[in-house]
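**Student:** curious how this folds, go ahead:
(chains A, B and C)
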Amino acid sequence: MRGDPSVLHVDLDAFFAAVEQRDKPSLRGKAVVVGGIGVRGVVSTASYEARKYGVRSAMSTAEARSRCPHAAYLGPRFEVYRRTSQAVMAEMRALSPLVEPLSLDEAFVDLAAAGLSGLTVDDVEAIANELKAAIRAASGGLTASVGAGTSKLIAKIASDLDKPDGVVVVPPGTEAAFLAPMQVTVIPGVGPATAQRLSMAGVRTVADLQQLDEEELVRQVGSAHGTSLFRLATATDDRPVVSDRETKSISVEDTFETDLIDRALIAAIADRMAHRVAERLQKAQLSGRTVTLKSRMHDFTTHTRSSTLAGPTDDPRVIARVARRLLDDTDLAGGIRLLGVGVSSLADWIQDDLFTDSEAAEAPIEVIELPERARDQTGFYPGQDVHHPDFGPGWVWGSGRGRVTVRFETAASLTPGPVRTFAIDDPLLTKPAAPGAERDDEAETGNNGPNG
DNA sequence: TCTGGGGTCCTAGGACCC
DNA sequence: TCTGGGGTCCTAGGACCC
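**Tutor:** As a prediction, the model looks like this:
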């Protein structure tokens, strides 16, 4: 810890919604909700006008609509948010070289790394206000809330106390007293489950937590969590601000409008996801050894299956192959609402001639078998490449009863494309490609499957 | 109309090796 | 022959964050 309040936590206010209001003046002063707008969507961000009606992040969009029917409901525009975020982060980096982004709308800034020392509360307040003005100018009018203190914990909690558009600097030496009256849930890492456990031990406020001894805490919440919580409760926090954190995993997942059961369709979707993951790996110049398939069942229980390769890969065909085999181990009865494909155990090198990939490259080509039923009824099958003059290239999502549903995105596209349904005899919808071909086999270590 | 999508970190058990 | 401890790797699940 340090002697002056030189750790800043900057949090953009209702970020996604504020960007939408910035770009569309008619939305200013109005309730705006950004998030999934489909039947299973959830709220990412609500403008302060919408929050008055009880709309909150992570709430289902359906519930938000019933609480605030007059709000504007918008799907997210991540590219725009990313660009705005970069402009804001640049202002922070102009202030100090040591900036740690936590997400698109949040970051720590270490003023000590800017060569500033012996800062008073007034100094830091002035710096925070200047930064807010710079952010506003660089972002086209967005407001931020800033917290400052002698540690990350204090800065982070402080930034939340005067939202929106506030500045809170916690004077050095007052940290433990500052935290004492607060609920334990203000401490990042204490969620519903931990709060429940602590509550059963009679602990609700940080003051209660400060009374507990470390051994008792570890018994309640486990070793790692207990020791860190014990320190944080007394505002003992030495964690440094770190600018470059390594990526540990890359994944893609999708929740379906209705639960899926058809194995061939799900396999085709897993393929697309593998391609998207591979593209993102390649873009980041990363490759990974462990492929994970995630499935969320109709009853919301979630399962993962993973398999580790002998060497890292960023080859979409290898990832797809592994994902597909993991899918074979998955019980789809009852239907799944979500499917995901991820790669972890990342290596920071570019693939070359490693065993894994060369072997896969020489493996025989296999044609995917598709259910006859699907072909007979409609002439389309899941995963099939199609083309439409108005929407471009796409692939078959599902078909039946004389209609075919198409997703208009390429195999490797980063963002989901629009979904459209056509009559199967629609002359504009053409099938340019033969059934997909796949390579088989990839080198793997050990086993896979439920019991390793 | 219950419950997104992208992550991180931790735990626990089994395999395997020394 | 039996018992066992420690370390590492892998897998599955869960808590948590924005």
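**Student:** which single residue in the stretch 1-150 of chain A comes nearest to DNA strand C?
**Tutor:** A:S103 (3.4 Å; C-beta to the nearest atom of the strand). For every residue, glycine as well, the C-beta is placed using N, CA and C.
**Student:** ok, A:A193 - contacts?
**Tutor:** Residues counted as contacts of A:A193 (C-beta atoms under 8 Å, 6 or more residues apart in numbering): none.
**Student:** tell me which helix or strand it sits in.
**Tutor:** Assigning secondary structure by DSSP states H and E places A:A193 in helix A:192-200.
**Student:** I figured A:A195 hits A:V184, correct?
**Tutor:** Yes. The criterion here is C-beta atoms under 8 Å, and A:A195 meets it with A:V184 at 6.0 Å.
**Student:** what's the first-to-last distance across stretch A:41-54?
**Tutor:** 17 Å (C-alpha to C-alpha, to the nearest Å).
**Student:** check whether that stretch contacts DNA strand B.
**Tutor:** Yes. Using C-beta under 7 Å from any atom of the strand, stretch A:41-54 reaches DNA strand B at A:G41, A:V42, A:S44.
**Student:** quick check: residues of the stretch 201-350 of chain A near DNA strand C?
**Tutor:** Counting by C-beta under 7 Å from any atom of the strand, the stretch 201-350 of chain A sits next to DNA strand C at A:R289, A:T290, A:T301, A:T302, A:H303, A:T304, A:R305, A:S306, A:S307, A:T308, A:S345.
**Student:** 6 Å - rerun?
**Tutor:** Residues of the stretch 201-350 of chain A lying near DNA strand C by C-beta under 6 Å from any atom of the strand: A:T290, A:T302, A:H303, A:T304, A:R305, A:S306, A:S307, A:T308.
**Student:** please name the nearest non-neighbouring residue to the last one.
**Tutor:** Nearest-residue entry for A:T308: A:T290, 4.6 Å, with adjacent residues in sequence omitted and distances by C-beta to C-beta, 6 or more residues apart in numbering.
**Student:** now do the SS call for that neighbour.
**Tutor:** Following DSSP: H, G, I helix; E, B strand; the rest coil, A:T290 is assigned to strand.
**Student:** who's in contact with it?
**Tutor:** A:S306, A:S307, A:T308, A:L309, A:V343, A:S344, A:S345.
**Student:** one more time with 7 Å, if that's ok
**Tutor:** A:S306, A:T308, A:V343, A:S344, A:S345 (C-beta atoms under 7 Å, 6 or more residues apart in numbering).
**Student:** what about the residue in chain A that DNA strand C sits nearest to, neighbour count?
**Tutor:** Using C-beta to the nearest atom of the strand, the closest approach of chain A to DNA strand C is made by A:G191 at 2.3 Å. Here the count is done by other C-beta atoms under 10 Å, and A:G191 has 10 residues near it.
**Student:** then A:D328?
**Tutor:** Other residues close to A:D328 by other C-beta under 10 Å number 12.
**Student:** please apply the same query to A:A113.
**Tutor:** 16.
**Student:** now do A:H70
**Tutor:** 10.
**Student:** pLDDT below threshold where in the stretch 301-450 of chain A?
**Tutor:** Applying pLDDT under 70 to the stretch 301-450 of chain A picks out residues A:349-385, A:395-405, A:407-419, A:432-450.
**Student:** DNA strand B contacts on that one?
**Tutor:** So far as C-beta under 6 Å from any atom of the strand goes, the stretch 301-450 of chain A lies against DNA strand B at A:L338.
**Student:** one more: the stretch 51-200 of chain A?
**Tutor:** Residues of the stretch 51-200 of chain A lying near DNA strand B (C-beta under 6 Å from any atom of the strand): A:A58, A:S60, A:A62, A:E63, A:S66.
**Student:** can you lay out these as a markdown table showing secondary structure and distance to DNA strand C?
**Tutor:** Output for those, formatted as a markdown table (DSSP: H, G, I helix; E, B strand; the rest coil; distance: C-beta to the nearest atom of the strand, whole Å):
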| residue | secondary structure | distance to DNA strand C |
| --- | --- | --- |
| A:A58 | coil | 6 |
| A:S60 | strand | 14 |
| A:A62 | helix | 18 |
| A:E63 | helix | 16 |
| A:S66 | helix | 22 |
